[in-house]
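Chemist: Coordinates for the following, if possible.
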Amino acid sequence: MIAEILSLFAAIFTWSPSLVAASAVDAVFGIILVALHKFILILLYVAVLSVVVTVISMAYAFVISVCVFLFLLVIMAMSSSPEEADMVPPNPKGTPLVCLSDDQFHVTKRKELVRQDNTSVTKPFEHNEVYAGRVLPLDVKVRALAHMVDTSDYVQAADDALEAAKRQHEANITGVCRLYGYSRGPKLQFIFREHSFQTMESLLKGRLKFHWETRLTMARDLAHTMAAAHAKGLVHGAINASNVFVFRRHAKIDNFGLNKATDVDDLVAYDIEMFGRLLWRLVHRRPTPYDPANMRGPAPDGCPAELAAALVLCTGVHEKPESFDSICDILGEPQPEPQPASMVTPTLGSDEAKLMDETDTVLWENLYGSNSWE
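Modeler: Modelled structure (predicted):
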């Protein structure tokens, strides 16, 4: 291109019109060719850079995916470890339900979003509501059942709930949720119950696949748990999917004696009837019909024979079973699960003496200034 420009200047100085025109054309074409060459080089550079960035991004995403996959494998391996057996006695030593001081637990208040200014407001604790909490000496998540105790009506309800919790704790039945203790102040009472991420109600309402073998395992768990409870004189009074908590492939019952039916004379027969309705819901995975006549019919395809036979026994036209023993005989024995010593009794460590202290005299004056109530 430089040669063409020099030829153009030489033609101008010699003032040869034909030579000037030819030189000008050559110079213009040279400039265009150089510009096109530069443009192509820039495009090549951009393309190469894009490919390099894409490869690096894909490699980075691949590394992240592998790390996440390995992390999930570790979590699954830990969750399936025999050191985390679920179906174990909740209170093998027969210790009384302990009263926790305000520095031994933390309960989280709920927050409500205010749409006007898009801010959240912390709501006060409400009567007979469950909150997320943690028992600090054991470092375990819990469901904290709250009861107000600032009026006589609330005090009676709180006393009944605490008495029911103590009976459930003392019964020490495998398949019943563990209780970690309680606390009671001038205005609030908390009962700390075993934490689970899912109830059977939410599991049945979901869209995830629910294997028949898992349903049979859970039905066996529930039937044998209720049989053991009735053998010890412990009735539930309100068996339903919301009071059944899922622990991997197993199901455990909680809330014995809470919100039980008050217009029923025979609570043992009522427990069996409500178990039959729950069993129908577990098999059909639909809301249980109100009329028992609509519960009669064949089980869905693929239902195990034991589960179908137990459903017929509980919901058929013939006389209902008098105890859970006959239901257990049909469903069969629950699958054995290893019970390592470390899981039979929760490990309390250095805080055992503090947590198991029998003295319930606690200074509550500064209770509401503690972060345990935030």
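Chemist: Just the helices from the stretch 51-200 of the chain, written as ranges.
Modeler: Assigned by DSSP state H, counting those that start in this stretch, the helices in the stretch 51-200 of the chain fall at 152-171, 200-205.
Chemist: what residues are up against Phe192?
Modeler: Contacts of Phe192 were listed using CB atoms under 8 Å, 6 or more residues apart in numbering, and they are 100, 105, 133, 135, 142-144, 179-183. (Each C-beta comes from the backbone N, C-alpha and C, glycine too.)
Chemist: wouldn't Asn172 be in contact with Pro92 here?
Modeler: Yes - judged on CB atoms under 8 Å, Asn172 makes contact with Pro92 at a distance of 6.4 Å.
Chemist: Which one's more surrounded, the two?
Modeler: Set Asn172 next to Pro92 and count neighbours by other CB atoms under 10 Å: Asn172 wins out with 17 against 14.
Chemist: separation between the more buried one and His230?
Modeler: In this view, Asn172 and His230 are 15 Å apart by CB to CB, to the nearest Å.
Chemist: Also Pro334?
Modeler: Following CB to CB, the distance that separates Pro334 from His230 is 16 Å.
Chemist: Between the two, which is the more surrounded one?
Modeler: Set side by side, Pro334 and His230 show unequal neighbour counts under other CB under 10 Å, the larger going to Pro334 at 21 against 18.
Chemist: And the pLDDT at the more buried one?
Modeler: Pro334 is assigned a predicted lDDT (pLDDT) of 85.
Chemist: Also Ile5?
Modeler: The predicted structure lists Ile5 with a pLDDT of 52.
Chemist: before we move on, what about Phe71?
Modeler: In the prediction, the pLDDT value recorded for Phe71 is 82.
Chemist: swap in Thr288?
Modeler: pLDDT, Thr288: 90.
Chemist: got it, and Pro82?
Modeler: pLDDT, Pro82: 40.
Chemist: one step back: a markdown table for the contacts of Phe192, including pLDDT and distance to Val52?
Modeler: Compiled in a markdown table, those are given as follows (pLDDT from 0 to 100; distance: CB to CB, whole Å):
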| residue | pLDDT | distance to Val52 |
| --- | --- | --- |
| Leu100 | 95 | 59 |
| Phe105 | 95 | 54 |
| Gly133 | 94 | 51 |
| Val135 | 95 | 53 |
| Val142 | 95 | 52 |
| Arg143 | 95 | 52 |
| Ala144 | 96 | 54 |
| Leu179 | 96 | 60 |
| Tyr180 | 95 | 56 |
| Gly181 | 95 | 60 |
| Tyr182 | 96 | 62 |
| Ser183 | 95 | 60 |
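Chemist: any chance of the residues you listed in TSV, plus neighbour count?
Modeler: Rendered in TSV, the data for the contacts of Phe192 read as follows (neighbours: other CB atoms under 10 Å):
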residue	neighbour count
Leu100	24
Phe105	24
Gly133	23
Val135	22
Val142	25
Arg143	20
Ala144	26
Leu179	22
Tyr180	27
Gly181	24
Tyr182	25
Ser183	24
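Chemist: Tell me which residue is most central in this protein.
Modeler: Ranked by distance to the mean C-alpha position of the chain (CA atoms, centre = their mean), the top residue is Phe197 at 2.2 Å.
Chemist: List the residues that contact that one.
Modeler: Applying CB under 8 Å, 6+ apart, the residues near Phe197 are Val246.
Chemist: ok, for Thr225, nearest residue in space, not its chain neighbours?
Modeler: Gly175 (3.1 Å; CB to CB, 6 or more residues apart in numbering).
Chemist: again but with Glu129, I slipped
Modeler: The nearest residue in space to Glu129 (CB to CB, 6+ apart) is Ala146, at 5.4 Å.
Chemist: Count the residues that sit near that neighbour.
Modeler: 20.
Chemist: next one: His195
Modeler: 19.
Chemist: pLDDT score assigned to it?
Modeler: Here, the pLDDT recorded for His195 equals 94.
Chemist: Is it correct that it is in contact with Leu138?
Modeler: No - at 11.3 Å, His195 does not count as touching Leu138 under the criterion of CB under 8 Å.
Chemist: low pLDDT regions in the stretch 1-150 of the chain?
Modeler: The model of the stretch 1-150 of the chain has pLDDT under 70 over residues 1-30, 74-84, 115.
Chemist: Can you show me the strands along it?
Modeler: Secondary structure of the stretch 1-150 of the chain (DSSP state E, counting those that start in this stretch): strands located at 105-107, 111-114, 119-122, 129-135, 140-148.
Chemist: Mind checking those for the one nearest to Ala47?
Modeler: Closest to Ala47 of these is strand 111-114 (CB to CB; 47.6 Å).
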